[in-house]
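can you look at this prediction? I've put the sequence above it.
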Amino acid sequence: MASEIVKPYDQQGSKKEQVTNMFDNIAPKYDLLNRLLSLGIDTIWRKKAINKLTKGQHRRILDVATGTADMAVEINKQLSPDEVVGLDISKEMIHYGIKKVEKKALSKIIKLEVGDSENMRFESDLFDASTVAFGVRNFGNLEKGLSEMHRVLKPEGKIVVLEFSRPRYFPFKQLFNFYFKYILPSIGKKTSKDKKAYKYLYESVQAFPDYDNFADVLKKVGFRSVEWDSLSLGICTIYTGIK
């Protein structure tokens with residue numbers, strides 16, 4: 001199953017360009033909306049994803065689509081690595097992420113930079129692990145972005161992907177879809193002042209190849225020992241694989 005191309009806005013421009021503009025627009029309210037719209041559960045999801053990595057073994061970690069650095073900060077808290085590099089295509093998200101990292105006095109450990117997940121500047125076989133939380137849906141080219149994450153990992157390096165998925169079971173599936181399609185975009189629109197951003201969130205989740213379909217994409221780009229675990233009745237899923 002291929003990932004359907006869903007863009008945030010109707011005007012001309014690539015998905016990558018539109019996603020960049022969208023996150024630049026919502027960056028000031030991004031953390032607030034994450035906590036509000038997920039009822040704070042997103043912090044628990046990140047912790048569970050990071051639990052897939054091993055303290056002491058994964059010393060140099062790349063966090064792709066790092067946003068405002070929530071994942072990078074939690075990685076440092078749980079794993080005490082030597083270095084976390086956070087990469088994001090949105091300069092505004094990185095701006096707020098740097099402020100967060102500096103406030104926590106973590107600038108020596110967590111390095112944040114603007115960059116494209118599909119064309120990373122890093123040399124091959126560099127990182128012990130790579131993570132991405134709620135970011136692969138936004139790749140302009142899903143396979144290219146995952147192939148780059150595979151390239152920069154050391155042999156035996158581990159990828160951990162945390163991404164929204166579609167609940168499967170009645171009645172939670174129907175309740176969640178109603179919230180995701182109607183309630184969440186309304187709150188997001190009022191709070192972020194971006195009319196399309198949280199409508200895009202619902203649409204991109206519907207188009208994303210989740211569960212076994214995404215596991216197959218990871219295998220296709222070269223990962224082995226691919227596994228997935230669904231969280232919160234299928235609202236999101238953790239995927240892991242080894243290079």
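Now that the structure is in, tell me what you want to look at.

how far off centre is stretch 22-35?
On the basis of C-alpha atoms, centre = their mean, to the nearest Å, stretch 22-35 sits 14 Å off its chain's mean C-alpha point.

what's that stretch in contact with?
Applying C-beta atoms under 8 Å, 6 or more residues apart in numbering, the contact partners of stretch 22-35 are 8-9, 42-43, 67-68, 70, 88-93, 95-96, 187-188, 191-194, 196-198, 200. Every residue, glycine included, has its C-beta placed from N, CA and C.

and if you look at stretch 197-204?
With C-beta under 8 Å, 6+ apart as the criterion, stretch 197-204 contacts 6-8, 22, 25-26, 33, 37, 137-138, 164, 180-181, 184-185, 187-189, 192.

which stretches of the chain have low pLDDT?
With pLDDT under 70 as the threshold, the chain has low-confidence stretches at 1-4, 8-12, 37, 195.

hmm, back to that, return the members of the contacts of stretch 22-35 classed as buried.
Among these, those scoring as buried are 8-9, 42, 67-68, 70, 88-90, 92-93, 96, 188, 192, 194, 196-198, 200 (criterion: 16 or more other C-beta atoms under 10 Å).

now the element after whichever helix or strand K154 is part of, going C-ward?
K154 is part of strand 153-164 when elements are defined by DSSP states H and E. Sequence-wise, the next helix or strand downstream of strand 153-164 (DSSP H and E) is helix 172-178.

what about that next one, distance to the chain center?
Centroid separation for helix 172-178 versus its chain: 22 Å, with C-alpha atoms, centre = their mean.

neighbouring contacts of the helix or strand following that helix?
Sequence order places helix 184-192 as the next helix or strand after helix 172-178, per DSSP H and E. The contact list for helix 184-192 (C-beta under 8 Å, 6+ apart) reads 25-26, 29-30, 32-33, 36-37, 194-195, 197-199, 201-202.

most neighbours, which of these?
Tallying neighbours with other C-beta atoms under 10 Å puts Y198 at the head of the contacts of helix 184-192, with 25 neighbours.

could I have the CA atoms of whichever strand or helix holds that one written out in CSV?
Secondary structure assigned from DSSP H and E places Y198 in helix 197-207. In CSV, the C-alpha atoms belonging to helix 197-207 read as follows (Å, rounded to 0.1, in the frame of the first residue of the first chain):
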residue,chain,number,x,y,z
ALA,A,197,-3.1,22.4,9.9
TYR,A,198,-5.3,20.2,12.1
LYS,A,199,-7.6,19.2,9.2
TYR,A,200,-4.4,18.0,7.5
LEU,A,201,-3.5,16.0,10.6
TYR,A,202,-6.7,13.9,10.2
GLU,A,203,-6.3,13.5,6.5
SER,A,204,-2.7,12.5,6.7
VAL,A,205,-3.4,9.9,9.3
GLN,A,206,-6.1,8.4,7.0
ALA,A,207,-3.7,8.2,4.1
